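Chemist: model this:
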Amino acid sequence: MFPALLCTLLLQTTPPAQPMTLPSWTTAPPVLAAKAIGNPGYGLLLDTEGGRFLLTNLRYDLLNENQFSRTIRTYVILEPGGGGPYRYGFNLRYHAKVTPEKREHPDCEYADFFYPVSKEHGGLLGLEPGSPADKAGFTRRYYILDIDGKTFGWNEWLANYYLSTHASVVIHATKCPLFFGSGSPLTFKLEGNMVALPGPEEWVIKLGSFAEVDRAVKDEALWTALVAAKEATPECTPLRLALEDGKSALVLRNPWGNVLEDNKSTSPLFEFWESTATQNKLIASVPTPIEGQFVKLHGRWYRIQGARLGPDSRKLEAVNLEAWTPDVPALLAGRCPTQTGTAKALDREGIEQAANQALLAWKTRTLPDQLAAQSRGSAEDLVLSIEQGLLALDLDVKGIRTRLDAAARAEAERKAQAELATKTGQLAPRVQTGPVTESERLADLLEQRKAILMAILGSAKQSLSNLRR
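Modeler: Presented below is the predicted three-dimensional model:
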């Protein structure tokens, strides 16, 4: 799994005083967390039966109004921190069994086994002189069939990690004959030497995906611990905002949440949570710049005016929100509330739908009195504004649908190129994608706006006709 580890010692900061219940986790030392991409200030140190890992870069993404995803970055800890303090004088390498027709050595090569290697022999077959294995009479001709009855799926990493984290082991081996025969079964009980280990500043980490972590994160307590570690940093300390009607929200700035696949950290994220006495609910995860974007909290839309950090540019001190109220003259003129924003499609759809509902309410409750009180000149201005607005909306809708069609064709072309690259053994072309800010539903909502404006236009023209008589 990790070739570079086959001939190295697996180490840990301090030997455990008693066997740990695995998996287990503790807050990662800041000096270790800082080695991760983006230099995050927090993390969890996860110990499993298959290795030691660093978990960090927790982020949330809203999938829809009631669901969100959470992702982390995981790193395996290599030498000298990725194991326990026990040493036996060798590391393990795996030898796969061979079929009889490929036999080059005695019969024992028909089986799977581990064999010992050591740094003193250049990573080749051998033992460290004076080691526990050497003193017990173990030799390089002994092929290891299991350790404490385990074969670890013949995974070298898991087997070596197991050795380093156990004070004693029982090894079942076969002494392979020089020429022919089935070998002699032998059993060794070895006591490991305990060594002093360096601190986490000397540890090496490697980014990846690991089955051991996938199993561990099914425990909700792990996520709770990771959130606590994250929010304990000045950068991610939640800020409580007082809203209308005694309601409140939490805002959390996450400078390490947005990490791209090319290992480059980009803009920070601002997480907005509805806060109640019983729970906190994620409402939005907004990338910077946040100015001008919208967020819906406790059923009310707010426009984000800006944010302020403390003197050290770490702790979030203020977020300014302005309750959004519909600008009816702008809606009549065909201007969209989110036209110049960079909100995701989900947010744009929500605010445009709220604008449609506000326009419908205005048409029913306010328009009749306004038409009855207007002059001929104001009636003409209203008709012209709505007609121009309809033309602008029509262009907006056509532009959205054109861009969506172009994006669909580009995606189909990308998939075709990726399939061709797979067949020819080449690397698939990388595609730079930006945030999705438009959708078919957004276009449909603007079509609804056009229909509402058409109804208002009909009433306005009728009023103008009456004034001209």
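
Chemist: now the helices: where do they sit in the stretch 201-350 of the chain?
Modeler: Shown for the stretch 201-350 of the chain, the helices assigned by DSSP state H, counting those that start in this stretch span residues 211-216, 220-231, 328-332, 345-365.

Chemist: what sits up against stretch 365-383?
Modeler: V328, L332, I456, L457, S459, A460, K461, S463, L464, L467, R468 (C-beta atoms under 8 Å, 6 or more residues apart in numbering). Any C-beta I mention is one placed from the backbone N, CA and C, and that applies to glycine too.

Chemist: Just among those residues, which is most surrounded?
Modeler: Neighbour counts for the contacts of stretch 365-383 (other C-beta atoms under 10 Å) peak at A460, which has 25 neighbours.

Chemist: Turn the contacts of stretch 365-383 into JSON lines, columns for distance to G310, pLDDT and secondary structure.
Modeler: Output for the contacts of stretch 365-383, formatted as JSON lines (distance: C-beta to C-beta, whole Å; pLDDT from 0 to 100; DSSP: H, G, I helix; E, B strand; the rest coil):
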{"residue": "V328", "distance to G310": "40", "pLDDT": "91", "secondary structure": "helix"}
{"residue": "L332", "distance to G310": "43", "pLDDT": "92", "secondary structure": "helix"}
{"residue": "I456", "distance to G310": "48", "pLDDT": "95", "secondary structure": "helix"}
{"residue": "L457", "distance to G310": "52", "pLDDT": "94", "secondary structure": "helix"}
{"residue": "S459", "distance to G310": "54", "pLDDT": "94", "secondary structure": "helix"}
{"residue": "A460", "distance to G310": "52", "pLDDT": "93", "secondary structure": "helix"}
{"residue": "K461", "distance to G310": "57", "pLDDT": "94", "secondary structure": "helix"}
{"residue": "S463", "distance to G310": "56", "pLDDT": "92", "secondary structure": "helix"}
{"residue": "L464", "distance to G310": "57", "pLDDT": "92", "secondary structure": "helix"}
{"residue": "L467", "distance to G310": "60", "pLDDT": "90", "secondary structure": "helix"}
{"residue": "R468", "distance to G310": "63", "pLDDT": "88", "secondary structure": "helix"}
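
Chemist: Pull up the gap between A333 and E352, please.
Modeler: 15 Å (C-beta to C-beta, to the nearest Å).

Chemist: Give me the below-cutoff pLDDT ranges for the stretch 201-350 of the chain.
Modeler: Counting by pLDDT under 70, the stretch 201-350 of the chain has low-confidence residues at 257-266, 338-346.

Chemist: For G130, which non-adjacent residue is spatially closest?
Modeler: G89 (7.8 Å; C-beta to C-beta, 6 or more residues apart in numbering).

Chemist: That neighbour contacts T139, doesn't it?
Modeler: No - the criterion here is C-beta atoms under 8 Å, and G89 misses it with T139 at 11.3 Å.

Chemist: The two: which has the busier surroundings?
Modeler: G89 (22 against 13).

Chemist: Could I get the contacting residues of the more buried one?
Modeler: Contacts of G89 by C-beta under 8 Å, 6+ apart are P116, S118, L127, E128, G130, S131, P132, A133, D134.

Chemist: For stretch 353-371, list every residue counted as buried.
Modeler: Residues Q353, A354, A355, N356, A358, L359, W362, K363, L367, Q370, L371 are the ones in stretch 353-371 that count as buried (16 or more other C-beta atoms under 10 Å).

Chemist: And the first one, what's its pLDDT?
Modeler: In this prediction, Q353 carries a pLDDT score of 90.

Chemist: is it true that F138 touches F188?
Modeler: Yes - here F138 reaches F188: they are 5.6 Å apart, a contact under C-beta under 8 Å.

Chemist: When those two are compared, which one has more neighbours?
Modeler: Per other C-beta under 10 Å, whichever of F138 and F188 has more neighbours is F138, with 23 against 18.

Chemist: So that one, which state does it fall into?
Modeler: coil (DSSP: H, G, I helix; E, B strand; the rest coil).

Chemist: Quick check: neighbours shared by F138 and F188?
Modeler: With C-beta under 8 Å, 6+ apart, F138 and F188 have common neighbours I171, A173.

Chemist: As a check, name the ranges of all strands in the stretch 101-250 of the chain.
Modeler: 113-118, 124-125, 142-147, 168-175, 184-191, 193-194, 205-207, 239-242, 248-254 (DSSP state E, counting those that start in this stretch).

Chemist: Now tell me what touches the first one from outside.
Modeler: If I follow you right, that is strand 113-118. 6-7, 89-95, 97, 123-128, 133, 138, 140, 142-145, 147, 154, 156, 159, 174.

Chemist: Of these, which count as buried by neighbour count?
Modeler: By neighbour count, with 16+ other C-beta under 10 Å, the contacts of strand 113-118 hold 6-7, 89-94, 126-128, 133, 138, 140, 142-145, 147, 156, 159, 174 as buried.

Chemist: re the thing from before, of the strands of the stretch 101-250 of the chain, flag the one that's most buried.
Modeler: strand 113-118 (a mean of 23; mean count of other C-beta atoms under 10 Å).

Chemist: Quick one: mean pLDDT for that one?
Modeler: pLDDT averaged over strand 113-118 gives 86.

Chemist: any idea of the angle that strand forms with strand 142-147?
Modeler: Computed with axes from the mean of the first three to the mean of the last three C-alpha atoms, to 10 degrees, the direction of strand 113-118 lies at 120 degrees from that of strand 142-147.

Chemist: could you list every residue that touches the residue nearest the centre of the chain?
Modeler: Residue closest to the average C-alpha location in the chain (C-alpha atoms, centre = their mean): T71, at 2.7 Å. Listed by C-beta under 8 Å, 6+ apart, the contact partners of T71 are N57, L58, R59, D61.

Chemist: cool, L190 as well?
Modeler: Y88, P132, A133, A136, F138, S168, V169, V170, I171.

Chemist: Can you convert those into TSV and add a column each for distance to W324?
Modeler: Shown next, in TSV, are the contacts of L190 (distance: C-beta to C-beta, whole Å):
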residue	distance to W324
Y88	67
P132	71
A133	72
A136	76
F138	75
S168	68
V169	66
V170	70
I171	70
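
Chemist: from the residues you listed, which two are the most distant?
Modeler: F138 and S168 (13.9 Å; C-beta to C-beta).

Chemist: so what's S24 closest to, chain neighbours aside?
Modeler: D47 (5.2 Å).

Chemist: Work out for me the element that neighbour sits within.
Modeler: Using DSSP states H and E, D47 maps to strand 44-48.

Chemist: and that strand, how far out from the chain's middle?
Modeler: The chain centroid and the centroid of strand 44-48 are separated by 18 Å, computed with C-alpha atoms, centre = their mean, to the nearest Å.

Chemist: I'd like the numbering to begin with 220 instead of 1 from here.
Modeler: Okay, residue one is now 220; in that scheme the one you just asked about reads as strand 263-267.
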